[in-house]
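S.K.: what's the 3D shape of this:
(one chain, ligands or ions: 2)
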Amino acid sequence: MVICPDVRGERYDLDAASRLAEAEGLALAIGVEIADTETLVVREIKPNTFFGSGQVADIATRCEQSEIELVIVDSALSPIQQRNLEETLKRKVIDRTGLILEIFGERAQTAEGRLQVELAHLDYQQSRLVRSWTHLERQRGGYGFLGGPGETQIEADRRLIRTRMARLRKELEQVRKTRGLHRERRERAPWPVVSLVGYTNAGKSTLFNRLTGAEVMAEDLLFATLDPTMRAISLPGVEKVILSDTVGFISDLPTQLVAAFRATLEEVLSADVICHVRDMANPSADAQNTQVLSVLRDLGVIDDSEDRDGEGPAIVEVWNKIDQLPPDERGELTDAASERDDVAAISAVTGEGVDSLLDLLSAKLTAQAKSYDIELPATAGRRIAWLHAHGEVLSEENVSDGEGTPCVKMTVRLNPKEWGQFETL
Ligand SMILES: Nc1nc2c(ncn2[C@@H]2O[C@H](COP(=O)(O)OP(=O)(O)OP(=O)(O)O)[C@@H](O)[C@H]2O)c(=O)[nH]1
Ligand SMILES: [Mg+2]
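M.R.: Residues are numbered from 1 along each chain as shown. Ligands and ions are numbered 1, 2, ... in the order given. Below is the predicted model of the structure:
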């Protein structure tokens, strides 16, 4: 059973129907069968059970009727609320964070992904143990008896969790170091990186597959992709570009997960161009956009301050799934997109608009190039040849420096990545 609480006085980005649909999508993503769904208006959150007693009784009846095994509450439950609901309903109850952690646990494939998820999971469990422990203590004072694990057991569990978390952090650091080496090697290669980001189910993997001919899992499933995937593609006028597909965003992403995935996300977001893929056929497209932008802002990718000076990646919006729109809306969107130099309206499924997206990307990548005045000794043949091969040489003249050594003075257009690589030559 999937329950979407509508708490009075709470401000939600999405309307109740969209939130319930999203919660159902999350439930399906762990492969459960949904027997019953409900949006419940909660006038006032009850500290012990979240829902009012009448509502809990109603949920219990429906659980019996439909032989429900798992109750998903699309909200954050306190450990006490979760425990009490489980006891009353005699069924497993999980909240939104627990559910998303489950999905991530099933999807993580790389060593790093698995470590990150386990760390997030333990962090979540740890907070539950700590708080239910204080709860138990209070109960003991009142009734003098206890069900469930005693204090020493919980203490031991906490210690175990802490030890395991410390070990995971070490392993994670090791994995990242190794990956850091790979990345360095990649950075030295003169290839710009374009990464696809966006709300879960926006169509990132579908677009990735279309552009690369890869077969990354693309499904009507929330969080189909978890680990970043990279492939090389070529763009008009840009010989080689690394395209990366990433984990999708969602509203109220558990803080434990944001923390755990921060390193991966930051790496992906250190791209030259970020493609924000949006599902324009989704009624919640605007709210999803707000969510994604706020994550990008949190990660420091978008910086609203004035003195940014063109630093950081260019951001391009991909208005996807236009094939699903009625003709008039679709016309309006494609018109609006063609007015802007940072938007492409496409369908990743039919391929419509994809060529103009590629043109847009290559324009963004070449626009990042700057002119550099470079003076090299005439004997630096290899570096001079490199500049001819990778940059656009605007001028070149033979001069001599103060001591009369023959030099070559060049003005060359290079993008930031190429300049970085040139300096390491
Ligand atoms: N009609 C239509 N469907 C699309 C389009 N692009 C993607 N889809 C569908 O949308 C669903 C989600 O696509 P994915 O590519 O898996 O989405 P994603 O952004 O990678 O999702 P996560 O990995 O879960 O974050 C799939 O069923 C796709 O077939 C499109 O342009 N038109
Ligand atoms: Mg995907």
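
S.K.: can you pull the contacts of Met165?
M.R.: Listed by CB atoms under 8 Å, 6 or more residues apart in numbering, the contact set of Met165 reads 119, 122-123, 126. For glycine as for every other residue, the C-beta is placed from the backbone atoms N, C-alpha and C.

S.K.: which SSE is Asp252 in?
M.R.: Taking DSSP states H and E as the criterion, Asp252 maps to no regular element, lying outside all helices and strands.

S.K.: what's it sitting at in phi/psi?
M.R.: The phi and psi torsions at Asp252 (degrees, to the nearest 10) take the values phi 50, psi 40.

S.K.: does it touch Arg96 like I think?
M.R.: Yes - under the criterion of CB atoms under 8 Å, Asp252 makes contact with Arg96 at 6.3 Å.

S.K.: quick revisit: can you redo the contacts of Met165 as a markdown table with neighbour count, secondary structure and distance to Ala287?
M.R.: As requested, those are arranged in a markdown table below (neighbours: other CB atoms under 10 Å; DSSP: H, G, I helix; E, B strand; the rest coil; distance: CB to CB, whole Å):
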| residue | neighbour count | secondary structure | distance to Ala287 |
| --- | --- | --- | --- |
| Leu119 | 20 | helix | 29 |
| Leu122 | 17 | helix | 31 |
| Asp123 | 18 | helix | 28 |
| Gln126 | 17 | helix | 32 |
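
S.K.: determine which two of these are furthest apart.
M.R.: The largest separation in those, counting by CB to CB, is between Leu119 and Gln126 at 10.5 Å.

S.K.: those helices in the stretch 151-300 of the chain, which residues are they?
M.R.: In the stretch 151-300 of the chain, the helices defined using DSSP state H, counting those that start in this stretch lie at 151-188, 204-212, 255-269, 285-298.

S.K.: who's in contact with the shortest one?
M.R.: Put plainly, it is helix 204-212. Contacting residues not belonging to helix 204-212 are listed as 196-198, 214-218, 224-225, 229, 231-233, 243, 245-246, 248, 275, 277, 318, 320, 346, 348-349, 351, 354, 358 [CB under 8 Å, 6+ apart].

S.K.: quick one: low-confidence parts of the chain?
M.R.: 129-154, 179-190, 216, 219-228, 260, 263-264, 267-268, 304-312, 416-417 (pLDDT under 70).

S.K.: check this structure for the residue nearest ligand 1 and tell me.
M.R.: Using CB to the nearest ligand atom, the single residue of the chain nearest to ligand 1 is Gly248, 2.4 Å away.

S.K.: so how far is Asn201 from that residue?
M.R.: Going from Gly248 to Asn201 by CB to CB, to the nearest Å gives 7 Å.

S.K.: now for the helix or strand harbouring Lys409, which elements pack on it?
M.R.: Taking DSSP H and E as the criterion, the element that holds Lys409 is strand 406-414. Helices and strands touching strand 406-414, as assessed by 3 or more CB pairs under 8 Å, 6 or more residues apart in numbering; DSSP states H and E, comprise strand 370-377, helix 381-390, strand 392-400.

S.K.: still on that earlier bit, which neighbours do Asp252 and Arg96 share?
M.R.: Among the neighbours of Asp252, those also in contact with Arg96 (CB under 8 Å, 6+ apart) are Ala76.

S.K.: which of the two has more residues huddled nearby?
M.R.: More crowded of Asp252 and Arg96, by other CB atoms under 10 Å: Arg96, with 22 against 14.
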